[in-house]
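S.K.: Let's see this in three dimensions:
(chains A and B)
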Amino acid sequence: AQKVTQAQTEISVVEKEDVTLDCVYETRDTTYYLFWYKQPPSGELVFLIRRNSFDEQNEISGRYSWNFQKSTSSFNFTITASQVVDSAVYFCALSKGDSNYQLIWGAGTKLIIKP
Amino acid sequence: DAMVIQNPRYQVTQFGKPVTLSCSQTLNHNVMYWYQQKSSQAPKLLFHYYDKDFNNEADTPDNFQSRRPNTSFCFLDIRSPGLGDAAMYLCATSRENAGGAYQPQHFGDGTRLSIL
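M.R.: From the prediction side, this is the model:
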């Protein structure tokens, strides 16, 4: 069965600290896709990154970086020099694998950045 | 800007009174999704359209229906809302092809539904 685990329910850090959000997944598919979405208090879900299973290169986008490791089935997300605007719920998601375009969602991690 | 627009932003209805939520998109994406999200939970897929083909999730209650009259619009109808249907309803779109590559989903701002 496919599963996404975000073990950190809530993380609170002080502004400018670095913070890593963990995502561990389970799948038997050889081809799969992983996503991160951000949901600020206003409610809309914002796409951050999509990664396919054949691309293990880490990615950096400004203060955001992602570490994909197939060996540990993890796709962790790091925010460097966090800012108050980063406060949100972050979801990790996995393609369901039946070509029906459904996602398996993690429970989300609520990130609180204190000024 | 191309986007996904949901109306209204907030909707209040009475217990048992039918309600319709709407979603429109200017992205020209072929797949449209409806999600239900309750407080502190992940979004839960209710159904989606791949072009005109409707795909219902097995655990979506019969109380929930959807219509997609054209590429740009999709509606969520709740025939007899119960108190348990109070939630945020999110519409999303993606551009998919037969290759099954799982393109990113683009979400609207959501409609928060309250039941009196």
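
S.K.: Now do the phi/psi pair for residue 37.
M.R.: I'll assume chain A. Main-chain dihedrals, A:Y37, degrees, to the nearest 10: phi -130, psi 150.

S.K.: list the contacts for it?
M.R.: A:45-48, A:90-91, A:93, B:107 (CB atoms under 8 Å, 6 or more residues apart in numbering or on different chains). All C-beta spots, glycine's among them, are computed from the backbone N, C-alpha and C.

S.K.: for A:V85, helix, strand, or coil?
M.R.: State at A:V85, reduced to three classes by DSSP: H, G, I helix; E, B strand; the rest coil: helix.

S.K.: how close does it get to chain B?
M.R.: The gap separating A:V85 from chain B is 17 Å, by CB to the nearest CB, to the nearest Å.

S.K.: what do you get for A:T78?
M.R.: 20 Å.

S.K.: Then A:Y32?
M.R.: Taken as CB to the nearest CB, the span from A:Y32 to chain B is 8 Å.

S.K.: these two touch, right, that residue and A:G97?
M.R.: Yes: counting by CB atoms under 8 Å, A:Y32 touches A:G97, with 6.1 Å between them.

S.K.: circling back: out of the contacts of A:Y37, which are buried?
M.R.: Buried subset of the contacts of A:Y37 (neighbour count, 16 or more other CB atoms under 10 Å in any protein chain shown): A:45, A:47-48, A:90-91, A:93, B:107.

S.K.: got the residues you listed as a markdown table, with pLDDT and distance to B:Y50 columns?
M.R.: Formatted as a markdown table, the buried ones among the contacts of A:Y37 follow (pLDDT from 0 to 100; distance: CB to CB, whole Å):
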| residue | pLDDT | distance to B:Y50 |
| --- | --- | --- |
| A:L45 | 94 | 20 |
| A:F47 | 95 | 19 |
| A:L48 | 96 | 24 |
| A:Y90 | 98 | 28 |
| A:F91 | 98 | 23 |
| A:A93 | 97 | 18 |
| B:F107 | 95 | 18 |
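
S.K.: picking up where we left off before, now the contacts of A:Y37 in TSV, with distance to B:L90 and secondary structure?
M.R.: Below are the contacts of A:Y37 laid out as TSV (distance: CB to CB, whole Å; DSSP: H, G, I helix; E, B strand; the rest coil):
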residue	distance to B:L90	secondary structure
A:L45	7	coil
A:V46	12	strand
A:F47	13	strand
A:L48	16	strand
A:Y90	16	strand
A:F91	12	strand
A:A93	13	strand
B:F107	6	strand
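
S.K.: returning to that earlier point: adding distance to B:L116, write the buried ones among the contacts of A:Y37 out as CSV.
M.R.: Output for the buried ones among the contacts of A:Y37, formatted as CSV (distance: CB to CB, whole Å):
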residue, distance to B:L116
A:L45, 27
A:F47, 34
A:L48, 36
A:Y90, 33
A:F91, 30
A:A93, 33
B:F107, 27
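
S.K.: and of the residues you listed, the nearest to A:V19?
M.R.: Distance to A:V19 across these (CB to CB) is lowest for A:Y90, with 10.0 Å.

S.K.: Next up, the contacts around the closest one.
M.R.: So A:Y90 contacts A:6, A:21, A:36-39, A:48, A:77, A:108-109, A:111 (CB under 8 Å, 6+ apart).

S.K.: Please report which of these has the highest neighbour count.
M.R.: A:Y37 (25 neighbours; other CB atoms under 10 Å in any protein chain shown).

S.K.: Show me what it bridges to in the sheet.
M.R.: Beta bridges link A:Y37 to A:F47, A:F91, judged by DSSP bridges.

S.K.: Find me the pLDDT at it, would you?
M.R.: pLDDT for A:Y37: 97.

S.K.: now do A:S95
M.R.: Note for A:S95: predicted pLDDT of 89.
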